[in-house]
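**Q** Predicted model follows, preceded by the sequence.
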Amino acid sequence: MQIKLSPFFSDIVATTATSVITIVATVLVIRWLAQGLGPEEFGVYSLARRMVSTVIPLITLAMGVALTRFLGIHHGHRPAQSSYFWGATLIAVSLTTIAVLLRVPMSERFSIWIFHD
């Protein structure tokens, strides 16, 4: 007996499998980091990771979500997809570069402000 999956259902299965693999890999890497760094250093790592995860969508104006949404809406219309792709890439890269360049000279002050050390 052979089961034929619809394209929609096969996309759901592939997305679920990818999500499960990503979750398992993340758990294993975080466990490895926690064991290797120790409690204090892992706490600093976790705080820094949360801060970056919070700030990135603000810095890039959530272009990751906007780009995938727009490309999906305009499926098959190459000129619109291409122009939006390059525009979103330019916005995300330029804003991230500006944020990094502003952050580097203030890294010590920022570290003291966050970690008091």
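**A** Received it, and whenever you're ready, just let me know what you need. Residues are numbered from 1 along each chain as shown.
**Q** What are the boundaries of the helices in the protein?
**A** 7-37, 39-59, 63-73, 78-103, 107-115 (DSSP state H).
**Q** So which bits of the second one are buried?
**A** By neighbour count, with 16 or more other CB atoms under 10 Å as the criterion, the buried positions of helix 39-59 are residue 59. From N, CA and C alone the C-beta is placed, and that goes for glycine too.
**Q** Just the mean pLDDT for it, thanks.
**A** Helix 39-59 carries an average pLDDT of 87.
**Q** packing partners for that helix?
**A** Other elements packing on helix 39-59 under the criterion 3 or more CB pairs under 8 Å, 6 or more residues apart in numbering; DSSP states H and E are helix 7-37, helix 78-103, helix 107-115.
**Q** if I look at the residue nearest the centre of the chain, how far off is residue 46?
**A** Centroid check for the chain by CA atoms, centre = their mean gives residue 53 as the closest residue, at 7.2 Å. Computed as CB to CB, to the nearest Å, the residue 53 to residue 46 distance reads 10 Å.
**Q** cool, residue 60 as well?
**A** From residue 60 to residue 46 the distance is 22 Å (CB to CB).
**Q** do the same with residue 78
**A** Taking CB to CB, one finds residue 78 at 42 Å from residue 46.
**Q** Any regions of the protein where pLDDT drops low?
**A** 1, 117 (pLDDT under 70).
**Q** Mind doing that once more with 80?
**A** 1-3, 5, 61, 64, 107, 110-111, 113-117 (pLDDT under 80).
**Q** how far out from the middle of the chain is stretch 27-38?
**A** Relative to the centre of its chain, stretch 27-38 is centred 20 Å away, using CA atoms, centre = their mean, to the nearest Å.
**Q** same thing with stretch 44-52?
**A** The answer for stretch 44-52 is 13 Å, by CA atoms, centre = their mean.
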